[in-house]
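>>> when you get a sec, could you give me coordinates for this:
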Amino acid sequence: MSDAQQIEQLYHKMYEAMIAKNEEELNRVHDDAFLLIHMTGMKQDKQSYIRAIMDGTLNYFSAETKGLDISIDGNQATLIGHSRVTAAVFGGGKHTWRLEFRFHLKKNEDGWKFTKARASTY
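Alright, predicted model coming up:
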């Protein structure tokens, strides 16, 4: 499997884990230094982000991938993913967003991992 295919698979596994509240998989796909920057500018480290998924602060119901743009430079990569995501977040009601995630990734002995993400709408 090529690096691009591995990264694409990682993107899908991440959303599957978010929807299923699979803490083990969420820990596996995100680097320990992972940082998420929400649309609002709020920043969450890996543990805070995963905890918010597990406790229902971030509830994800579905994600339909609309497009991926992957760029690889050695052991570093960027992925821009466009998906229609249905979620209820931070106490708000269930809503579907056209969500863009801009990811930075690194490859180590365990494979590719997300190191940083910035969320926005498209």
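>>> in the chain, which spans are strands?
According to DSSP state E, the chain carries its strands in the segments 30-37, 43-45, 58-73, 76-89, 95-108, 111-121.
>>> centre-most residue in the chain?
Met14 (5.6 Å; C-alpha atoms, centre = their mean).
>>> remind me which residues of the chain are low pLDDT?
Applying pLDDT under 70 to the chain flags no residue at all.
>>> check which helices and strands the longest helix seen in the chain sits against.
With secondary structure taken from DSSP state H, the chain has its longest helix at helix 3-20. The helices and strands touching helix 3-20, judged by 3 or more C-beta pairs under 8 Å, 6 or more residues apart in numbering; DSSP states H and E, are helix 23-29, strand 58-73, strand 76-89, strand 95-108, strand 111-121. C-beta coordinates here come from the backbone N, C-alpha and C atoms, glycine included.
>>> buried set for that helix?
Applying a neighbour-count criterion of 16 or more other C-beta atoms under 10 Å, one finds 3, 6-8, 10-11, 14-15, 17-19 buried in helix 3-20.
>>> same question, stretch 36-51
In stretch 36-51, counting by 16+ other C-beta under 10 Å, buried: 36, 38, 44, 46, 49-50.
>>> quick one: end-to-end length of it, please.
13 Å (C-alpha to C-alpha, to the nearest Å).
>>> wait, what's in contact with the closest residue to Glu100 other than its chain neighbours?
Spatial nearest neighbour of Glu100, excluding adjacent residues (C-beta to C-beta, 6 or more residues apart in numbering): Tyr122 at 4.3 Å. Going by C-beta atoms under 8 Å, 6 or more residues apart in numbering, Tyr122 touches 82, 98-100.
>>> please apply the same query to Glu100.
80-82, 119-122 are the contacts of Glu100 under C-beta under 8 Å, 6+ apart.
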